[in-house]
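Participant: One predicted model, sequence on top.
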Amino acid sequence: MNWSSWLLWGFASTVVLTSILAGSQGLGLTRMNIPYMLGTMFTPNRDRAKFIGFFFHFANGWIFSFLYVAAFELMGRAIWWFGTLIGLVQAAFVLTMLLPILPAMHPRMANEQYGPTVVRQLEPPGFLGLHYGIRTPISVLLAHAVFGAILGAFYVVK
């Protein structure tokens with residue numbers, strides 16, 4: 001394992017992924033804000049939730065970049081298209097499996113069957129995150145594909 005290459009490119013790819021997702025929200029392509037959703041799992045304070053969620057999301061990105069790098073090491077080389085493929089698989093998992101079950105894990109997210117309560121006021125993302133806009137899946141797929149492409153293109157296998 002090339003630790004310095006992983007630290008550098010895991011960091012860089014996470015910065016780009018987070019920037020694409022934030023940019024997608026800022027441009028109105030989606031209403032989904034993953035760091036905010038993650039942060040509200042830990043605190044009801046909106047400002048603090050954004051701060052905590054940013055670092056939690058960043059840590060997750062770095063951890064997942066380690067899995068990509070492990071796959072590259074098993075292959076014996078890092079290739080941009082293989083990283084992109086892994087990113088698309090990860091995004092498909094997030095959109096089809098993780099987002100729909102998020103209300104079951106999130107203490108402040110409403111449930112699709114029962115709606116909001118006094119405590120559970122966040123809108124659930126739903127399948128493919130479509131409750132946050134029709135273009136949400138596109139931004140998630142793009143961000144994860146670029147994440148993987150960066151790792152595949154620049155990580156140096158030892």
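Facilitator: Sure thing, it's come through. Numbers count the residues shown, from 1 in each chain.

Participant: the helices in this structure, which residues?
Facilitator: Listed in chain order, the helices of the chain (DSSP state H) span 3-26, 34-39, 46-75, 80-93, 99-105, 136-154.

Participant: how about CSV for those helices, with mean neighbour count and distance to G115 added?
Facilitator: Glycine gets a C-beta too; all of them are placed from N, C-alpha and C. Below are the helices of the chain laid out as CSV (neighbours: other CB atoms under 10 Å; distance: least, CB to CB, whole Å):
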stretch, mean neighbour count, distance to G115
helix 3-26, 17, 24
helix 34-39, 22, 18
helix 46-75, 16, 21
helix 80-93, 18, 27
helix 99-105, 15, 11
helix 136-154, 22, 20
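
Participant: To P116, which of these lies closest?
Facilitator: helix 99-105 (10.7 Å; CB to CB).

Participant: Of the helices of the chain, give the one that comes closest to P124.
Facilitator: helix 99-105 (4.5 Å).

Participant: mean confidence score for the closest one?
Facilitator: Averaged across helix 99-105, the pLDDT comes to 91.

Participant: Output it as CSV, nothing but the C-alphas.
Facilitator: Extracted in CSV, the C-alpha atoms of helix 99-105 (Å, rounded to 0.1, in the frame of the first residue of the first chain):
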residue,chain,number,x,y,z
LEU,A,99,-30.9,6.6,1.0
PRO,A,100,-34.2,4.7,1.2
ILE,A,101,-33.2,3.2,4.6
LEU,A,102,-31.8,6.4,6.0
PRO,A,103,-35.0,7.3,7.9
ALA,A,104,-34.7,4.1,9.9
MET,A,105,-31.2,5.2,11.1
